[in-house]
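Undergrad: below is the structure, and that's it, no one-letter string:
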């Protein structure tokens, strides 16, 4: 009987040990599952937070630079036949053009045609357009015969080897405009086209863009209000791309609602210009004729 009792005890002990091992294994598995599910939950929450932040940021209204409306700057007659910045046409939530005169207040003629040029600083055609017609456009605007508007857009970033040159140069224009230095923008446009990088090559660095701006007479230390109460300098705004979201939004608006398909794109009183802008004299004559009709 003692032998049987001893065998029964061994079997009972073995079963108990197996039960304990199984219980310990089940506890480990439960703990591992808890850790796994907790980790998954943390990751999911983090992803939701990141996505939510990105959605919130993308849905936030991009602040408009001072003196710009829908990505546009405008020029009318200034002193001695020169140019001065005027209020662009159109409306935009958050736009502040109160510091600029209207074209009429600046002395533009009644019925002066509004000539708008959409340009991309990476675009060779835009460079050719400016080299051919900038002097004529500036003269006509300085006389008050036309109101000259420019909208820098960013549609050729893919041609600057990842440098996003189109966005960065349009952003620089917005930075300069917000600082109140609209009157140096025509010289800045000229300088940018004179130093335009080749398509497919890497666009200019921030340091090179800053040097171009300085050479065009931009005060790089002038204050810029990038986002509500965030005050920076023109230099900081260029390097941090303070208005890149604004450039993106205004470019998409131009592509979606304003008929832009490529650059240079010229409109006169809102209608696409159908003539030959490569002929300087014919182009000038068309603008004068269209102004007289207005």
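TA: Looks like it arrived, so ask away. Just so you know, these numbers come straight off a predicted model, no measurement behind them.
Undergrad: show me what contacts residue 147?
TA: 74, 75, 76, 86, 89, 103, 108, 112, 113, 114, 115, 141 (C-beta atoms under 8 Å, 6 or more residues apart in numbering). Backbone N, C-alpha and C define where each C-beta goes, glycine included.
Undergrad: so which of those residues are in helices?
TA: Among the contacts of residue 147, the members found in helices (DSSP state H) are 103, 141.
Undergrad: with distance to residue 191 added, can I get the contacts of residue 147 in a markdown table?
TA: Shown next, in a markdown table, are those (distance: C-beta to C-beta, whole Å):
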| residue | distance to residue 191 |
| --- | --- |
| 74 | 20 |
| 75 | 17 |
| 76 | 22 |
| 86 | 22 |
| 89 | 26 |
| 103 | 25 |
| 108 | 26 |
| 112 | 27 |
| 113 | 27 |
| 114 | 25 |
| 115 | 22 |
| 141 | 19 |
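Undergrad: where do the strands sit along the stretch 51-200 of the chain?
TA: 73-77, 83-86, 113-119, 146-152 (DSSP state E, counting those that start in this stretch).
Undergrad: strand partners of the last one, parallel vs antiparallel please.
TA: Spelled out, it's strand 146-152. strand 73-77 (antiparallel), strand 113-119 (parallel) (DSSP bridges).
Undergrad: ranking the ones you listed by burial, who's on top?
TA: Highest mean neighbour count among the strands paired with strand 146-152 (mean count of other C-beta atoms under 10 Å): strand 73-77, with a mean of 27.
Undergrad: and that one, how far out from the chain's middle?
TA: 22 Å (C-alpha atoms, centre = their mean, to the nearest Å).
Undergrad: likewise stretch 143-152?
TA: 22 Å.
Undergrad: before we move on, what about stretch 188-196?
TA: The answer for stretch 188-196 is 19 Å, by C-alpha atoms, centre = their mean.
Undergrad: stretch 110-118 too?
TA: That offset, for stretch 110-118, works out to 24 Å (C-alpha atoms, centre = their mean).
Undergrad: can you check stretch 275-294 too?
TA: On C-alpha atoms, centre = their mean, the centre of stretch 275-294 falls 31 Å from that of its chain.
Undergrad: same question for stretch 272-281.
TA: 28 Å.
Undergrad: can you check the pLDDT for the most centrally placed residue in the chain?
TA: What sits nearest the mean C-alpha location of the chain, by C-alpha atoms, centre = their mean, is residue 247, with 2.2 Å. On the pLDDT scale, residue 247 is placed at 98.
Undergrad: so it, which of the three states?
TA: With DSSP: H, G, I helix; E, B strand; the rest coil as the basis, residue 247 sits in helix.
Undergrad: separation between the spatially closest residue to it that is not a sequence neighbour and residue 244?
TA: What sits nearest to residue 247 in space, not counting adjacent residues and going by C-beta to C-beta, 6 or more residues apart in numbering, is residue 170, at 4.5 Å. Counting by C-beta to C-beta, to the nearest Å, the separation of residue 170 from residue 244 is 9 Å.
Undergrad: ok, for residue 176, nearest residue in space, not its chain neighbours?
TA: In space, residue 176 is closest to residue 218, 5.5 Å off (C-beta to C-beta, 6+ apart).
Undergrad: which stretches of the stretch 151-294 of the chain have low pLDDT?
TA: Scanning the stretch 151-294 of the chain for pLDDT under 70 picks out 228-229, 294.
Undergrad: okay, helices next: where are they in it?
TA: Taking DSSP state H, counting those that start in this stretch to define them, one finds helices in the stretch 151-294 of the chain at 165-178, 185-194, 206-215, 234-240, 244-257, 280-293.
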